[in-house]
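**Q** The amino acid sequence is not available; the structure is as follows:
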């Protein structure tokens, strides 16, 4: 986890806010470094984490988490982390199963028009599982990487928004946990009519649902070796006892073992 | 005008709050609920998008008794088989049944959060018909709906807003906690009324067949919402050309925390302005160069036969 991002968002492993739906998005950039931050933050905060990873394998996240000082393998063995590896599970849908079929979470691949109810039921059973013999973990957390790939798999925008709504209702409202979801866009931001079924409409829909939005973009002036992009933090829900700031803009640089965040124009390479 | 809409007790009202991803209209929706509860009205909320706790957050203790929250948030599609309101149940009879569950002397207000959720699962024509029948039926005094305008086609938004008696479009304001509300109010009157305010448009449409006059006037106001959900409005914003594109944040003074001094005192600033720059060709320098100093050599020129004198010398008008 990145200490500067914790201070920007005013959280730390001892004091995570609850009931938050955090949307991480990017436009022609890669915001997955933020997902690693939230994964390590919530594992350190002793929350029970359910990670739906649709684009990368378990070993990818495990390698990066090791550099941040965490062992995902250990967390999974202890029962703190439930990991859905979408890539391998999808094989059981596409190829004839030799043994008993998997969790059924990726069944939407057979018929994407049906929607994501089976995936939601997998999420619900993972977060509300009561560990009898296990340790006493904190509130549940759901991480999804990423939602926009579902559009490429044939799922409609409405079905993805229904899925994210149900996850938010179950995890954030009922169980008072947190949800972090990543979505990606690859086009320019246009003031279009909202009738396209693409990632732009999904991003707008998720922005309406979320309580905190982190948007990552490249620098508008082009490539820079010392500044990898800009991060816009947008608080959508009124926070008690804190000055009400809607949005703030930062720049960041991703290192080998973390990322540093700073106000615009104050990169260490410039000052 | 925003305050008038908040405090209005007219019947047959259909108010739509349009918001977008850049500015959330739910706080204004909660302000409308708060003002209605203050007037001892019963308020029914059909909540799809947020939970009951989040909707009631900020509303004061005793008034919450009159707020009836119909939970359509936890299971709007029936996936969990809970016995809560689903989006498929959205119909005139079901809505009437919801509102008639409480017995209150005055007709209640129905708040729908949000119309966009319903429009995602029902066709716009069904939604428009249901809302129009509900408004005219008399079961509720007012229907207030939140609509995410950037989630639908322009035609859908236009159709739903056409039925509304008032539409408030919220947009981000210049400062962090301010927003701009653009209001359009539609009223029927038998006579032509001219709008006298100088900076709002008034469009008067006259339908001769129906002999009614619809009077539309969009107005803009800046408002902010306090923690107790009261709305503070300010004067109308400046014309769009003067508005900066980014909200003004409190800028940090860049010369504040340096180890060397970048500021100038008054005497230093004067001396700086008096300084003449070396390569600027000012009038004093020009005359010094043109008029030779006594003691320097003089140049005497006698034109030769080969010299070519052109009467129309193009260099004559050079100011050297």
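**A** That came through fine. Owing to the predicted nature of the structure, the values given are computational and were not obtained by experimental measurement. Numbers count the residues shown, from 1 in each chain, chains lettered A, B, ... in the order given.
**Q** which ones are touching the residue of the stretch 51-200 of chain A found nearest chain B?
**A** Per C-beta to the nearest C-beta, residue A:173 is where the stretch 51-200 of chain A lies closest to chain B, at 3.9 Å. No exception for glycine: its C-beta is placed from N, CA and C like everyone else's. Contacts here follow C-beta atoms under 8 Å, 6 or more residues apart in numbering or on different chains; on that basis residue A:173 touches A:19, B:51, B:53-54, B:73-74.
**Q** If we use 6 Å, what do you get?
**A** residue B:51 (C-beta atoms under 6 Å, 6 or more residues apart in numbering or on different chains).
**Q** same deal with the one 4 residues further on?
**A** Under the criterion of C-beta under 6 Å, 6+ apart, the contact list for residue A:177 reads A:139-141, A:171.
**Q** quick one: which of these has the most company?
**A** Among the contacts of residue A:177, the one with the most neighbours (other C-beta atoms under 10 Å in any protein chain shown) is residue A:141, at 30 neighbours.
**Q** need the helix or strand of chain A with the lowest average pLDDT.
**A** Lowest mean confidence among the helices and strands of chain A (mean pLDDT, DSSP states H and E): helix A:86-94, at a mean of 85.
**Q** What's the first helix or strand after that helix?
**A** helix A:117-127 (DSSP states H and E).
**Q** Once you drop chain neighbours, what's closest to residue A:263?
**A** Closest residue in space to residue A:263, ignoring its immediate chain neighbours: residue A:250 at 6.3 Å, by C-beta to C-beta, 6 or more residues apart in numbering or on different chains.
**Q** wait, that neighbour sits on residue A:261?
**A** Yes. Checked against C-beta atoms under 6 Å, the pair residue A:250 and residue A:261 is within contact range at 4.9 Å.
**Q** returning to that earlier point: compute the inter-axis angle for the least confident helix or strand of chain A and helix A:117-127.
**A** Relative orientation of helix A:86-94 and helix A:117-127, computed by axes from the mean of the first three to the mean of the last three C-alpha atoms, to 10 degrees: 130 degrees.
**Q** Return the list of helices and strands in contact with helix A:86-94.
**A** Helices and strands touching helix A:86-94, by 3 or more C-beta pairs under 6 Å, 6 or more residues apart in numbering or on different chains; DSSP states H and E: there are none.
**Q** That one: how far from the chain's middle?
**A** 21 Å (C-alpha atoms, centre = their mean, to the nearest Å).
**Q** can you give me the mean pLDDT across the helix or strand hosting the residue nearest to residue A:263?
**A** Counting by DSSP H and E, the element that carries residue A:250 is strand A:247-254. For strand A:247-254, mean pLDDT is 91.
**Q** which residues of the stretch 1-150 of chain B score low on pLDDT?
**A** For the stretch 1-150 of chain B, no stretch has pLDDT under 70.
**Q** in it, which spans are helices?
**A** Applying DSSP state H, counting those that start in this stretch to the stretch 1-150 of chain B gives helices spanning B:2-7, B:26-38, B:52-56, B:92-99, B:115-121, B:124-137.
**Q** now these as a markdown table including mean neighbour count?
**A** Output for the helices of the stretch 1-150 of chain B, formatted as a markdown table (neighbours: other C-beta atoms under 10 Å in any protein chain shown):
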| stretch | mean neighbour count |
| --- | --- |
| helix B:2-7 | 16 |
| helix B:26-38 | 22 |
| helix B:52-56 | 17 |
| helix B:92-99 | 17 |
| helix B:115-121 | 22 |
| helix B:124-137 | 16 |
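**Q** Show me which residues of chain B sit near chain A.
**A** B:21, B:24, B:51, B:73-74, B:79, B:120, B:148, B:150-154, B:176-177 (C-beta under 6 Å from any C-beta of the partner chain).
**Q** thinking again about what came up before, what residues does the strand holding residue A:250 touch?
**A** A:33, A:227-228, A:230-234, A:259-262, A:264.
**Q** Give me the neighbour count for whatever residue of the stretch 101-250 of chain B ends up closest to chain A.
**A** In the stretch 101-250 of chain B, the residue found nearest to chain A is residue B:153; the distance is 4.4 Å by C-beta to the nearest C-beta. Residue B:153 has 15 neighbours, counted by other C-beta under 10 Å.
**Q** now swap in residue B:233 and tell me
**A** 14.
**Q** partners of the strand holding residue A:250, with directions?
**A** strand A:229-235 (antiparallel), strand A:259-263 (antiparallel) (DSSP bridges).
**Q** So which of these is the most surrounded?
**A** For the strands paired with strand A:247-254, ranked by mean neighbour count under the definition mean count of other C-beta atoms under 10 Å in any protein chain shown, the leader is strand A:229-235 at a mean of 19.
**Q** quick one: contacts of that strand?
**A** Strand A:229-235 is contacted from outside by A:29, A:212-218, A:247-252, using C-beta under 6 Å, 6+ apart.
**Q** Write a PyMOL command that selects only the buried members of these.
**A** The PyMOL command for the buried members of the contacts of strand A:229-235 (criterion: 16 or more other C-beta atoms under 10 Å in any protein chain shown) is given here:
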select buried, chain A and resi 29+212+213+214+215+216+217+218+247+250+251+252
